[in-house]
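S.K.: Next input, structure requested:
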Amino acid sequence: MSRGIWFTAKQAWGDLFIWKQRVVVTNEYGEERTEWQSPAPLQNPFTLFAQLSLKDWIFFLVGLAAWTADAFDFHALSIQTVKLSKYYDQSKTNITTAITLTLLLRSIGAAAFGLAGDKFGRKWPMVLNMIILGVLQIATIYSTTFQQFLAVRSLFGLFMGGVYGNAIAMALENCPTNARGLMSGILQQGYSLGYVFAACANLGVGGSTDSWKTVFWIAAGISIAVGIIRIFFPESQQFIEAKKAGKKAKAPGAFWQETKVMLAQEWKMCIYCIILMTWFNYYSHTSQDSYTTFMLTQKELDNSGASRASILMKVGACVGGTIIGYLSQFVGRRRAIIAASLVSACMIPAWILPEGERSLSATGFFMQFFVQGAWGVIPIHLNELSPPAFRSSFPGKQLKRGGEKKEKKREKGC
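M.R.: This is a model prediction of the structure:
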């Protein structure tokens, strides 16, 4: 078994340096053969946009809205750490404990809501998830003690974890195959867009200690609104077809049996995705969550200056994620991720050493351009690696525990 893993890893490493892509093609009898194919040339983005039908766009935009609202909810706390430390009379380190608990506990929510999305559909788990997130934002506002605050944010982590898998499954499984790289980049930047909205709200309410509550009210309203909007749209047709194709038994416990079979067959892929997403979560959260606090305390910017710099930083993330996600359709998913990650590593000194709002805004822009550029490939990379009947639970669980489509064609060379 270990020799098989080593052989696969060695082959995957070698494929990075071969421009043509190794593609495993499966015929109608289940027989596989390997082909080397040149990547298709990039298409005009507007041509790709035109390939999506109105229904495709609706599903994509609702998925994007859910992911953006989820990010707004999370960053409403991280961007207001200084205010919260004053409000609860706690150190900034103690306040960031809430962020740690959120990130730790969302694994459970990712598993629960992901499996619910695969079993019951994308619609109602997402509706429930978004409304509860909004309610928990309101509960945070009414937390009078620090212990209550931590308890509510822990619950928030459970439900925050449920959004990602259902959102990307809903948004991307309806997109044409050749448009998925571009749409993946745009979708992932819903997270950065949520950060921008949180920073704008923080800038708008000012720097007074109690103003953090207003940002949480806004976040609650957005989450509940997205949940209500989702009620008015139907279940994904791709989900219905995938479940029909993947169904092997009609017993009540058949889904859980299928889950066990999937894990038994795909355990190596699960481990790869968990390791990948463990690194990706560390990579992104260390580069953004406390950066506003860093500018306030270490660089001595005021609330307005730090908020403006944070907004520009995440504008860079939105641009980078879209562009690099689009380019991954041609250069390959893994190559795009590796290249963007290496460039961001080279930018670390320029990201932390400058003084002043303008310099920090510029270096933050380019740092997040490449950090979130690498992230822009992740939704479609995980979606393509997921078994068709588990496209809600598989990406969500890999993302929260750390995470090409195993269909008739699977790309291995990029």
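S.K.: so V25, which of the three states?
M.R.: strand (DSSP: H, G, I helix; E, B strand; the rest coil).
S.K.: Tally up the residues packed near it, please.
M.R.: 13 (other C-beta atoms under 10 Å). Backbone N, C-alpha and C define where each C-beta goes, glycine included.
S.K.: I'd say it and E31 touch.
M.R.: No. Using C-beta atoms under 8 Å, V25 makes no contact with E31, being 9.2 Å away.
S.K.: Return the list of helices and strands in contact with the strand or helix carrying M277.
M.R.: Assessed by DSSP states H and E, M277 sits inside helix 254-288. Packed against helix 254-288, as judged by 3 or more C-beta pairs under 8 Å, 6 or more residues apart in numbering; DSSP states H and E, are the following elements: helix 92-120, helix 357-375, helix 378-385, helix 393-401.
S.K.: So which bits of it are buried?
M.R.: 255, 258-259, 262, 266, 269-270, 272-274, 276-277, 280-281, 283-284, 287-288 (16 or more other C-beta atoms under 10 Å).
S.K.: Also stretch 304-324?
M.R.: Going by neighbour count (16+ other C-beta under 10 Å), the buried part of stretch 304-324 is 305-324.
S.K.: Equivalent analysis for stretch 343-353, please.
M.R.: V343, S344, M347, W351.
S.K.: So I108 is in contact with L158, correct?
M.R.: Yes. Here I108 reaches L158: they are 5.6 Å apart, a contact under C-beta under 8 Å.
S.K.: Tell me which of these two has more neighbours.
M.R.: L158 (19 against 16).
S.K.: pLDDT weak spots in the stretch 101-250 of the chain?
M.R.: Within the stretch 101-250 of the chain, the ranges that satisfy pLDDT under 70 run 238, 242-250.
S.K.: hmm, try it at 50
M.R.: Along the stretch 101-250 of the chain, segments meeting pLDDT under 50 span 248-250.
S.K.: R22 belongs to a strand?
M.R.: Yes. Under three-state DSSP, R22 sits within a strand.
S.K.: number of nearby residues for it?
M.R.: 18.
S.K.: for the stretch 51-200 of the chain, what spans make up the helices?
M.R.: 54-78, 81-87, 92-120, 123-141, 146-160, 163-172, 180-188, 190-205 (DSSP state H, counting those that start in this stretch).
S.K.: right, so of those, which gets closest to P39?
M.R.: Minimum separation from P39 across the helices of the stretch 51-200 of the chain (C-beta to C-beta) falls at helix 180-188, 10.5 Å.
S.K.: so the closest one versus helix 163-172, what angle?
M.R.: 140 degrees (axes from the mean of the first three to the mean of the last three C-alpha atoms, to 10 degrees).
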